[in-house]
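*Asks:* Provide a 3D model corresponding to the input given below.
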Amino acid sequence: MRKPTPKLPLLCMLLLLALLAPMLPWPARAQQSAQQQERPQETIRVGVNLVNLYVTVRDKNKRILPDLTEEDFQIFEDGQPQKIDSFAREVNLPLTFGMLIDTSISQERVLPMEQDAADRFLERVLRAKDLAFVLSFDVNVDLLGDYTGERRELMRAIQRARINSPMPDGPVARSGPVGTKLYDAIYAACKDRLAGEAGRKALIILTDAVDAGSQVPLEEALEVAQRNDTVIHIIGVADYGFYGWGGYSGEGYAKKLAEQTGGRSIFVNNEKKLEEAFTQISEELRTQYVLGYYPTNRSKDGKFRKIEIKVKRNDAKVLARKGYYAPKQ
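*Replies:* Numbering: from 1, shown residues only. So this is what the prediction gives:
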């Protein structure tokens, strides 16, 4: 009697095919995955820098508007509408700022008032993670206190300010004509102190805004502030008696420096008004909208681009920088 033919090899082959079947489509899936990875994503923008704008909005009664939404804003660059890519309301964003104090002879009678008000300003505005430094300027530009977040250290630096009393190692050379080096101080603060910092940057300047003897012209000081995204706030404290009738002329220059960088220039004539000015600026530093957009103009030509921000409310007044310099190839 003949034995039946064993069927084990056939069963093994069927079992092997069953195990290998799920792996057969793998090359196709791998190819499809590779194609998906090669396909460019719409959100990636190669070589385009995000432009961040810090914006304060007040109503006609000068009250800050804290409840606006992204839909309330429009951004235009050189007249062309831009798409808002990021939006946030910020009240505690870390701040890096310099306090610049005019110690020229024209400020002799108002300097003590400025120093006292500056202390109250620091108490109101300084928060954890903030950093600040102090410069004085007259015939020289001098670093009175380097970066710190300690109010007491900053106040000691402010109290070291003396009328035409230079300290060693100022950031600007001591050669040149005697005068009030306001523009040199702005240039030094932005280029030597703020250039390497990220995030929100500002200068708070106590001065009568009359420059005399700077090596840097106003336009160059303004440009370095704009290139370093630095907002300039000027609190004008002028001793009008020092200049005589009709001899004072600093307000126009202060207004240009502040408005072009998104800051404010406020001129005061007494301690109460000085306190109000500090209050207004501290509110604006602490209550801002942060808008970001990728410019439709992708040219890396280093040219200045004008920015206009509109708010869809008739009573709204926007405070923000007026433009920026594009990166250069």
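*Asks:* okay, CA-based contacts and neighbour counts for the rest of this
*Replies:* Noted.
*Asks:* so who does residue 186 touch?
*Replies:* With contacts defined as Cα atoms under 8 Å, 6 or more residues apart in numbering, residue 186 is in contact with 221, 225.
*Asks:* If we use 10 Å, what do you get?
*Replies:* Residues counted as contacts of residue 186 (Cα atoms under 10 Å, 6 or more residues apart in numbering) are 98, 100, 135, 137, 141, 192, 203, 205, 216, 218, 220-222, 224-225, 232, 257.
*Asks:* Those residues in strands, which ones?
*Replies:* Among those, the members falling in strands (DSSP state E) are 98, 100, 135, 137, 141, 203, 205, 232.
*Asks:* Distance to residue 328 and neighbour count for those residues - can I get that in CSV?
*Replies:* Listed next are these as CSV, based on distance: Cα to Cα, whole Å; neighbours: other Cα atoms under 10 Å:
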residue, distance to residue 328, neighbour count
98, 27, 24
100, 30, 26
135, 31, 26
137, 32, 30
141, 30, 31
203, 26, 25
205, 30, 25
232, 24, 30
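*Asks:* now these in CSV, with distance to residue 284 and pLDDT?
*Replies:* CSV is the format used below for these (distance: Cα to Cα, whole Å; pLDDT from 0 to 100):
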residue, distance to residue 284, pLDDT
98, 16, 96
100, 18, 96
135, 22, 95
137, 25, 95
141, 27, 94
203, 13, 97
205, 15, 95
232, 12, 96
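*Asks:* any chance of the residues you listed in CSV, plus distance to residue 211?
*Replies:* Output for the ones in strands among the contacts of residue 186, formatted as CSV (distance: Cα to Cα, whole Å):
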residue, distance to residue 211
98, 19
100, 14
135, 16
137, 10
141, 13
203, 17
205, 13
232, 16
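*Asks:* between those, which is nearest residue 320?
*Replies:* If you rank the ones in strands among the contacts of residue 186 by distance to residue 320 using Cα to Cα, residue 232 comes first, at 10.8 Å.
*Asks:* which residues does the closest one bridge with?
*Replies:* Beta bridges link residue 232 to residue 203 when assigned by DSSP bridges.
*Asks:* I'd like the distance between it and residue 74.
*Replies:* Going from residue 232 to residue 74 by Cα to Cα, to the nearest Å gives 23 Å.
*Asks:* Max pairwise distance over the ones in strands among the contacts of residue 186: which two?
*Replies:* Taking Cα to Cα, no two of the ones in strands among the contacts of residue 186 sit farther apart than 141 and 232, at 17.2 Å.
*Asks:* where in this protein is pLDDT low?
*Replies:* Low-confidence segments of the chain (pLDDT under 70): 1-48, 165-178, 240, 243-249.
*Asks:* Now do the helices in it.
*Replies:* 8-20, 26-38, 111-125, 151-159, 182-188, 218-227, 240-243, 251-261, 271-286 (DSSP state H).
*Asks:* Ok, which of those comes nearest residue 53?
*Replies:* Residue 53 lies closest to helix 251-261 among these, at 10.6 Å (Cα to Cα).
*Asks:* by how many degrees do that closest one and helix 218-227 diverge?
*Replies:* Interaxial angle, helix 251-261 versus helix 218-227 (axes from the mean of the first three to the mean of the last three Cα atoms, to 10 degrees): 30 degrees.
*Asks:* deepest of the helices of the chain, which one?
*Replies:* helix 182-188 (a mean of 27; mean count of other Cα atoms under 10 Å).
*Asks:* Tell me how far that helix lies from the chain's centre.
*Replies:* 17 Å (Cα atoms, centre = their mean, to the nearest Å).
*Asks:* Which residue ranges make up each domain of the chain?
*Replies:* 51-91+299-325, 95-286 (automatic domain parsing).
*Asks:* between the ones you listed, which one is nearest to residue 292?
*Replies:* domain 51-91+299-325 (4.4 Å).
*Asks:* shouldn't residue 49 be in contact with residue 328?
*Replies:* No - the criterion here is Cα atoms under 10 Å, and residue 49 misses it with residue 328 at 11.4 Å.
*Asks:* between those two, who's got more neighbours?
*Replies:* residue 49 (14 against 9; other Cα atoms under 10 Å).
*Asks:* Not counting its neighbours along the chain, what's nearest the more buried one?
*Replies:* residue 294 (6.3 Å; Cα to Cα, 6 or more residues apart in numbering).
*Asks:* Could you report the distance from the one you found to residue 83?
*Replies:* Taken as Cα to Cα, the span from residue 294 to residue 83 is 7 Å.
*Asks:* ok, these two, which is more surrounded?
*Replies:* residue 294 (17 against 13).
*Asks:* What separation do you get for that one and residue 119?
*Replies:* Counting by Cα to Cα, the gap from residue 294 to residue 119 is 39 Å.
*Asks:* that older thread, return the member of the ones in strands among the contacts of residue 186 nearest to residue 159.
*Replies:* The closest of the ones in strands among the contacts of residue 186, once distances to residue 159 are taken by Cα to Cα, is residue 135, at 11.4 Å.
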